[in-house]
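> take a look and give me a structure for this.
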Amino acid sequence: IMTEKKPAIQQPASCSDHDSSALPLDIAWQRIVTDIRPLQGVERVSMRQALGRVLAEPIRSPLNVPAHDNSAMDGYALRAADLPEHGERAFRLVGAAFAGHPFAGQVGPGECVQIMTGAPIPAGADTVVIQERVRRDGDSVQVPGGEQPGQNVRRAGEDLAEGQVVLEAGQRIGPAELGLLGSLGLVEVAVWRRLRVAFFSTGDELRSAGSPLAAGQVYDSNRYTLYAMLQRLGVELTDMGVIADDPAALERAFTDAASFADAIISSGGVSVGEADHVKQILARLGRVNFWQIAIRPGRPLAFGTIGRAYFFGMPGNPVSVVATWYQFVQPALRRLMGQRLEPPLSFRVRTVSDLRKRPGRTEIQRGILERDASGELVVRSTGPQGSGILRSVSMANCFIVLPHDRGPVKAGEMVDVQPFEGIMGW
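As a prediction, this is how the structure comes out:
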């Protein structure tokens, strides 16, 4: 990923009287989309290694699926021309067809073949009458009137035609996609190489789990959160630990990470405090597109490049890390991985809580989607929305997204929600 190195920091445009130094969410996201170019580097992997990877080229079906006309139900295969319009007609049973064991003969006038679901339709037959509709006495099968020609038959190529594009390039392979590829008999597929991500936390006050705490120190939760989110994304990750608020140490960390990583993620050190050395270091090492976004939580979010690596400077507050990850960093990494981006699932529901909100910023509040006594899907707040209350994320199952210009929300009003989990967990 080749990007131009510029020593000067690009200043963000004004967005509102309330938050004049920060970019609106949509403008910030557009800058990320414009700046990021997907990875280069393709590798072929076996089918079971392809889970979670991103296709580098479209997949075309090498065959018809199903490969032949087959029965959609257990029943009796016969000729539509022989179906009675009224009353019943007796058919002579001449054989049986099973999945993997087709009937080898020809179905003639007044004849039928017992057939199981998935078995090929015998030559001469074109219709299946389900077994519950007939009366059988030995080799005589009584078929009633009213059956439809061609019923209960799945045609060759009905699901997929030979040569048809099954999956587009940029599709992430989940369980359903893996099964689909398996149904085509493929042995391996071409995918983009794995994304390499380095991440670390900054701050003299941070300690890793297992270390004793001195006065004023806290345990670092952000690296655990980032580890989990990156692990689910399927990248090659390197945890560089906690970096002290020391310019030399920070510069070494950025330089080392940029030597091997496609993306660098730091948490902390991008606000306006005197000890925030990240800005000065990035001004020397790379290019910064923006520093602040008009959202809450997560206002201090930096995006730029260091050498060939993209850089995401995330806030230090735990909830801000989660919010900015899902709104910006995760979709940006997916784009970098070569994945086709789609807007997050979002829909409007009624809130049963009053929601505090100031115009001039997008707010990402934590909520709980549930059904009320009448069965209506509603959302309620998890309670206090402070950016340090990580438990609010654990309690929640969705984000409540309040737009830039909106003010306070009263219970009973409609709001936009983004569920945390899709039904398949992708």
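> surely residue 342 is within a strand?
No. Counting by DSSP: H, G, I helix; E, B strand; the rest coil, residue 342 is not found in a strand; it is coil.
> neighbours of it, how many?
By other CB atoms under 10 Å, 8 other residues sit near residue 342. Backbone N, C-alpha and C define where each C-beta goes, glycine included.
> can you give me the buried ones in stretch 79-99?
79, 82, 83, 89, 91, 93, 94, 95, 96, 97 (16 or more other CB atoms under 10 Å).
> now it: mean pLDDT?
Mean pLDDT, stretch 79-99: 96.
> extract the C-alpha trace of that stretch and format it as CSV.
Once non-C-alpha atoms are left out, stretch 79-99 reads as follows in CSV (Å, rounded to 0.1, in the frame of the first residue of the first chain):
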residue,chain,number,x,y,z
ARG,A,79,-46.0,-38.6,-17.3
ALA,A,80,-48.0,-35.5,-17.0
ALA,A,81,-49.9,-36.5,-20.1
ASP,A,82,-51.4,-39.5,-18.1
LEU,A,83,-52.7,-37.5,-15.2
PRO,A,84,-56.5,-37.8,-14.8
GLU,A,85,-58.6,-34.7,-14.9
HIS,A,86,-61.3,-36.2,-12.6
GLY,A,87,-61.6,-39.3,-10.5
GLU,A,88,-58.7,-41.7,-10.2
ARG,A,89,-56.4,-43.5,-12.6
ALA,A,90,-54.4,-46.7,-11.9
PHE,A,91,-50.7,-46.6,-12.8
ARG,A,92,-48.5,-49.7,-13.0
LEU,A,93,-45.4,-49.4,-10.7
VAL,A,94,-42.3,-50.4,-12.7
GLY,A,95,-39.4,-49.6,-10.4
ALA,A,96,-37.9,-47.2,-7.8
ALA,A,97,-35.5,-44.3,-7.9
PHE,A,98,-33.3,-43.2,-4.9
ALA,A,99,-30.8,-40.4,-4.5
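> and the contacts of it?
Residues outside stretch 79-99 that contact it (CB atoms under 8 Å, 6 or more residues apart in numbering) are 70-71, 76-78, 103, 105, 107-122, 124-127, 135-136, 138-145, 147, 149-150.
> secondary structure and distance to residue 166 added to the buried residues of stretch 79-99, as CSV?
Shown next, in CSV, are those (DSSP: H, G, I helix; E, B strand; the rest coil; distance: CB to CB, whole Å):
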residue, secondary structure, distance to residue 166
79, coil, 34
82, helix, 38
83, coil, 36
89, strand, 42
91, strand, 39
93, strand, 39
94, strand, 38
95, strand, 35
96, strand, 33
97, strand, 28
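> just those now: which is nearest residue 57?
For these, the closest approach to residue 57 (CB to CB) belongs to residue 97, at 38.4 Å.
> now do the closest one against residue 41, distance only.
As judged by CB to CB, to the nearest Å, residue 97 and residue 41 stand 49 Å apart.
> also residue 304?
From residue 304 to residue 41 the distance is 23 Å (CB to CB).
> of those two, who's got more company?
Just comparing residue 304 and residue 41: by other CB under 10 Å the higher neighbour count belongs to residue 304, 24 against 11.
> so what's the more buried one closest to, chain neighbours aside?
For residue 304, ignoring the flanking residues on the chain, the nearest one in space by CB to CB, 6 or more residues apart in numbering is residue 288 at 3.7 Å.
> helix or strand for the one you found, which one?
Per DSSP states H and E: residue 288 is located in strand 286-292.
> that strand pairs with which strands, and in what direction?
Applying DSSP bridges, strand 286-292 is found paired with strand 300-306 (antiparallel).
> can you pull out the residues in contact with the helix or strand just after the partner strand?
The first helix or strand that comes after strand 300-306 along the chain, using DSSP H and E, is strand 309-314. With contact meaning CB under 8 Å, 6+ apart, strand 309-314 is reached by 1, 3, 35-36, 198, 222, 254, 257-258, 261-270, 278, 282, 286, 288, 291, 298, 300-305, 320-321, 324-325, 328-329, 332, 336.
> and those residues, which of them are in strands?
198, 263-267, 286, 288, 291, 300-305 (DSSP state E).
> which of those residues sits closest to residue 250?
Among the ones in strands among the contacts of strand 309-314, and counting by CB to CB, the member closest to residue 250 is residue 266, at 8.6 Å.
> excluding chain neighbours, what is closest to that closest one?
residue 313 (5.3 Å).
> just grab the bridge partners of that neighbour for me.
Counting by DSSP bridges, the residues bridging with residue 313 are residue 266, residue 302.
> that one: how many residues sit nearby?
When counting by other CB under 10 Å, one arrives at 25 neighbours for residue 313.
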